[in-house]
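In: Sequence plus the predicted model coming up.
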Amino acid sequence: MSTPTSAAPKDRPWLFRTYAGHSTAAASNALYRSNLSRGQTGLSVAFDLPTQTGYDSDHALARGEVGKVGVPVSHIGDMRALFDQIPLEQMNTSMTINATAAWLLALYIATAEEQGADTSKLQGTVQNDIIKEYLSRGTYVFPPRPSLRLIADIAEYTYREVPKWNPMNVCSYHLQEAGATPEQELAYALATGIAVLDTVKEQGAVSDEDFPKVVGRISFFVNAGIRFVTEICKMRAFVDLWDEICRERYGVEDEKFRRFRYGVQVNSLGLTEPQPENNVYRILIEMLAVTLSKKARARAVQLPAWNEALGLPRPWDQQWSLRMQQIMAYETDLLEYGDLFDGNPAVEGKVEALKEGARAELARIDDMGGAVAAIDYMKSKLVESNTARLSAIERGETIVVGVNKWQETEPSPLTAGDGGIMVVDPAVEQAQIDSLKEWRASRDQAAVDAALAALKDAARGGDNIMPPSIACAKAGVTTGEWGAAMREVFGEYRAPTGVGKAAATDASGLEEVRAEVEAATSQIGRRIKFVVGKPGLDGHSNGAEQIAVRARDCGMEVVYEGIRLTPAQIVNAALEESAHVVGLSILSGSHLPLVKEVIDRMKEAGLGDVPVVAGGIIPEKDAEELRAYGVARVYTPKDFELNRIMSDIVTLVSEADRAAA
């Protein structure tokens, strides 16, 4: 048994972070400095969707998305403002950025140099995991092979020039959000790490002697769900499997380079809109999974706020989550003990079972040719797993307190008044666009053109992308210009939706809905045509995928072309497909401008009689506005009964047909 002794020092606590960024660089900077003053020990930067996908704030696809889910960073001036009065040489900064990771890291390094920092001392992480973007999150830009090359370029450059920087955070977080089982989360994340390290070896930029040090800089970013015993075992399995891969596949002998180093954000998928105050307990329980076991303890923890299923958290909400970490680290005796679970037969048995399942899945992926070749397979399995998860909630086999059981509740004082969330001022977007135009007008255009030409030459020629990207940052190139140059060389990619290959739903009550679909089909003279669209840059496709799968299984004809569509493209699809109903899914907070634009364009195209339904994280005030604008139904996370949604859609189609007759 592990016991503390008077001579044994306490373990150091993990890094305390909150995932933050909104509105503008200046507003986010004020939030960061405030959080640091309250005891936060590292920064975790959230970028808005245009920044994540390589567009400037004034691009057509950026409409409604600027400053919503993170901070807009269009050029080095924004990065300067973001880290004003924050000495980067002394900071540990995590940047959740993937497709454009090379560019944001270039801006960060250039800004640090302006501060006079020794860049060899910079510490932090870029997430830089593009494979999980194809599978779950959706902020990909380039095809897989060029994307892997960019990841490897960052690994090579940081190893040589920024040696304390983690060039990649293999991210299983969004895999769990997309429905991954623990075995799938283990296997798909580890397969991604293997794909990146194999690419680094293939490029030959790092000697065999130095390669173990590159392996040692790969870190992970994981998710911890509510089944916290399973999650503890999953983390211990991650530790064992990564050590095994590093030793057996890559011949890494030094134990410190085989260490499984990870940060964590606990599960946001399980946060509920009904009775949101209960989310505080969920977050605490999920944090235990990544802190209790010393062997598998996280190096950095960031916790969501209790109200993230409602909208954007306020500073006080983030402070509450930070205090949860501090109480665990400083008020309890957790850090005085060794591992609490070594030798526990239940834990050891579960760990071995998870490892066995993950090894089998890894072997399957390896037989397919690795993670890139297996993208279609992994995506379809995630859609299947998420379908099974939601079906279990619908059937009541999985209990979610306040959602499908014990739904009665007293009014919450936490959501009284302002609704319990922060709302980004719509004027922020226009101010950012105006500032961007001023930036373009004030710079040396010849220097910009030369820097972009050098960037494209490096991309075409196979040179490391980081030095010309840093030169672009210093010349005043914008995010959209960097993205356009890279698209010109590498092309653009559309990931598989996973819907077509997903197994049929095993959900009770389908017979009744199928009968309703058949009756409506007979009434209107052809099968119900349902166009499901995701306007804007939001890549959270789980909800849209599940709606599409359930509609298909109910007998409707479904048109779903994946993420990142303009309102014009969605309306064109509705017109060409003679849609009976259009469903829009938006979780980024841009629902008001984008849904209204779709409705306006539908009226212009003569589709004003086709009902529109919308789903996402939509506050009730906004839902009322959308209904008044013509949206037939609004669904939010509390609407977990997919069969009821399907029945609503059938009713809307039938009523629209009768009204048109």
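Out: Perfect, I can see it now.

In: hey, let's count contacts and neighbours off CA atoms from now on
Out: Will do.

In: Can you pull out the low-pLDDT segments for the stretch 451-600 of the chain?
Out: Applying pLDDT under 70 to the stretch 451-600 of the chain picks out residues 500-508.

In: quick one, strands of it?
Out: 529-533, 557-560, 581-585 (DSSP state E, counting those that start in this stretch).

In: can you list those strands in TSV and add distance to Thr230 and mean neighbour count?
Out: Output for the strands of the stretch 451-600 of the chain, formatted as TSV (distance: least, CA to CA, whole Å; neighbours: other CA atoms under 10 Å):
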stretch	distance to Thr230	mean neighbour count
strand 529-533	35	26
strand 557-560	34	20
strand 581-585	31	24
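
In: which stretch among the ones you listed comes nearest Tyr493?
Out: Minimum separation from Tyr493 across the strands of the stretch 451-600 of the chain (CA to CA) falls at strand 557-560, 16.5 Å.

In: Is Val170 in a helix, a strand, or coil?
Out: Classification of Val170 using DSSP: H, G, I helix; E, B strand; the rest coil returns strand.

In: which one of the strands of the stretch 451-600 of the chain lies closest to Gln569?
Out: strand 529-533 (9.1 Å).

In: Okay, now the sheet partners of the closest one, with direction.
Out: strand 557-560 (parallel), strand 581-585 (parallel) (DSSP bridges).

In: Can I get the strands of the stretch 451-600 of the chain in CSV including distance to Ala551?
Out: Converted to CSV, the strands of the stretch 451-600 of the chain look like this (distance: least, CA to CA, whole Å):
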stretch, distance to Ala551
strand 529-533, 8
strand 557-560, 7
strand 581-585, 11
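
In: Ser541 versus the nearest residue in space to Trp103 that is not next to it in sequence, what's the distance?
Out: Nearest-residue entry for Trp103: Ser469, 6.1 Å, with adjacent residues in sequence omitted and distances by CA to CA, 6 or more residues apart in numbering. Going from Ser469 to Ser541 by CA to CA, to the nearest Å gives 31 Å.

In: Repeat that for Val571.
Out: 19 Å.

In: Between those two, which has more neighbouring residues?
Out: Val571 (25 against 22; other CA atoms under 10 Å).

In: Now do the same contact list for that one.
Out: 598, 601-602, 605 (CA atoms under 8 Å, 6 or more residues apart in numbering).

In: Which of those ranks first by neighbour count?
Out: Most crowded among the contacts of Val571, counting by other CA under 10 Å, is Met602 at 23 neighbours.

In: how much space between that residue and Val595?
Out: 11 Å.

In: Can you tell me which helix or strand of this protein has the lowest average pLDDT?
Out: strand 19-20 (a mean of 86; mean pLDDT, DSSP states H and E).

In: quick one, phi/psi of Thr387?
Out: Backbone dihedrals for Thr387, given as degrees, to the nearest 10, come out at phi -60, psi -40.

In: Mind checking which residue lies nearest the centre of the protein?
Out: Arg137 (4.6 Å; CA atoms, centre = their mean).

In: Would you confirm that that one contacts Ser541?
Out: Yes - look at Arg137 against Ser541 with CA atoms under 8 Å: they come within range, at 7.3 Å.

In: so what's the nearest residue to Met287 once chain neighbours are set aside up against?
Out: Excluding the flanking residues, the one nearest Met287 by CA to CA, 6+ apart is Val266, at 6.4 Å. Val266 is in contact with 222-225, 283, 286-287, 302-304, counting by CA under 8 Å, 6+ apart.

In: Including distance to Leu36, pLDDT and secondary structure, could the residues you listed go into JSON lines?
Out: Output for the contacts of Val266, formatted as JSON lines (distance: CA to CA, whole Å; pLDDT from 0 to 100; DSSP: H, G, I helix; E, B strand; the rest coil):
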{"residue": "Val222", "distance to Leu36": "23", "pLDDT": "95", "secondary structure": "strand"}
{"residue": "Asn223", "distance to Leu36": "24", "pLDDT": "94", "secondary structure": "strand"}
{"residue": "Ala224", "distance to Leu36": "25", "pLDDT": "95", "secondary structure": "strand"}
{"residue": "Gly225", "distance to Leu36": "27", "pLDDT": "94", "secondary structure": "coil"}
{"residue": "Ile283", "distance to Leu36": "21", "pLDDT": "97", "secondary structure": "helix"}
{"residue": "Glu286", "distance to Leu36": "24", "pLDDT": "96", "secondary structure": "helix"}
{"residue": "Met287", "distance to Leu36": "21", "pLDDT": "97", "secondary structure": "helix"}
{"residue": "Gln302", "distance to Leu36": "13", "pLDDT": "92", "secondary structure": "strand"}
{"residue": "Leu303", "distance to Leu36": "15", "pLDDT": "94", "secondary structure": "coil"}
{"residue": "Pro304", "distance to Leu36": "17", "pLDDT": "92", "secondary structure": "coil"}
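
In: Sweet, I'm off.
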